[in-house]
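> How does the following fold in three dimensions:
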Amino acid sequence: MVIMGIDPGFAITGYGVVKYEGNKFSVIDYGAVTTQSSMKLPDRLLVLSDRLGELIERYKPGAVSIEELFFNKNIKTALTVGHGRGVAVLAAARSGVEVFEYTPLQVKQAVAGYGRAEKSQMQQMVKIILNLPSIPKPDDVADALAVAVCHAHSHRMGAYGL
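Presented below is the predicted three-dimensional model:
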């Protein structure tokens with residue numbers, strides 16, 4: 001199964017594409033889609049939509065897993081992240097790929113075995129689980145890979161209807 005994990009954002013959207021077969025992971029690709037702060041909102045959303053659509057078309061994942069938003073005290077930040085998240089869900093839906101959503105708690109539990117794991121613990125576990133030479137940067141990329149791992153573990157356990 002090929003899984004694309006997405007850590008949604010506005011300026012930076014992390015993505016990670018992994019293959020999960022026989023309880024083993026192999027990394028296909030990972031990176032970030034970025035937009036410039038000097039761009040207008042519609043243009044930034046269009047770049048995000050186009051790039052995610054291209055990645056989905058290239059890798060043809062069987063599932064796209066996206067981290068749900070957590071409550072953010074900064075309303076403006078929450079709204080802009082929400083725009084990016086909406087575009088990511090739309091790109092997957094437009095491609096006909098089923099979307100699965102996971103809370104940060106679920107992702108931490110699946111990857112680190114502890115729902116309150118620190119960011120550094122999560123990054124280290126992503127590196128170990130996926131046998132990467134170093135922790136992916138920026139943080140959004142490691143988070144996207146973690147969401148993909150979470151989906152693989154949830155699928156293995158028979159959760160979420162896959």
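> Now do the helices in the chain.
Under the criterion DSSP state H, helices of the chain are mapped to 41-59, 75-94, 104-112, 119-129, 139-156.
> Which of the ones you listed has the lowest mean pLDDT?
Ranked by mean pLDDT, the helices of the chain end with helix 75-94 in last place, scoring a mean of 87.
> Show me what it is packed against.
Under the contact criterion of 3 or more C-beta pairs under 8 Å, 6 or more residues apart in numbering; DSSP states H and E, helix 75-94 touches strand 2-7, helix 41-59, strand 63-67, strand 98-102. Quick note: C-beta positions are derived from backbone N, CA and C, even for glycine.
> Kindly provide the distance from the residue located most distally from the centre of the chain to Asp29.
When each C-alpha in the chain is compared with the mean C-alpha position (C-alpha atoms, centre = their mean), Ser38 comes out farthest, at 24.8 Å. From Ser38 over to Asp29 the distance is 28 Å, taken as C-beta to C-beta, to the nearest Å.
> Same check on Ile3?
Separation of Ile3 from Asp29 (C-beta to C-beta): 12 Å.
> Mind listing the shared neighbours of those two?
Residues touching both Ile3 and Asp29 (C-beta atoms under 8 Å, 6 or more residues apart in numbering) are Val17.
> Find the nearest non-adjacent residue to Thr80, please.
The shortest distance from Thr80 to any residue that is not its chain neighbour, by C-beta to C-beta, 6 or more residues apart in numbering, is 4.1 Å, and that residue is Phe10.
> so the one you found sits right up against Ala88, yeah?
No. Taking C-beta atoms under 8 Å as the definition, Phe10 is not a contact partner of Ala88, at 10.7 Å.
> residues touching the residue lying closest to Tyr114 once chain neighbours are set aside, list them.
Sequence neighbours aside, Lys108 is the residue nearest to Tyr114 in space, at 6.5 Å (criterion: C-beta to C-beta, 6+ apart). Contact analysis of Lys108 by C-beta under 8 Å, 6+ apart lists 114-117, 122.
> what's the distance between Lys60 and Val97?
Counting by C-beta to C-beta, the gap between Lys60 and Val97 amounts to 8 Å.
> Settle it for me: which of the two has more neighbours?
Val97 (18 against 11; other C-beta atoms under 10 Å).
> how many neighbours does the residue nearest to the more buried one when sequence neighbours are not counted have?
Spatial nearest neighbour of Val97, chain neighbours left out: Val64 (5.0 Å); criterion: C-beta to C-beta, 6+ apart. Using other C-beta under 10 Å, Val64 is surrounded by 28 other residues.
> give me the beta-bridge partners of Val64?
Met4, Val99 (DSSP bridges).
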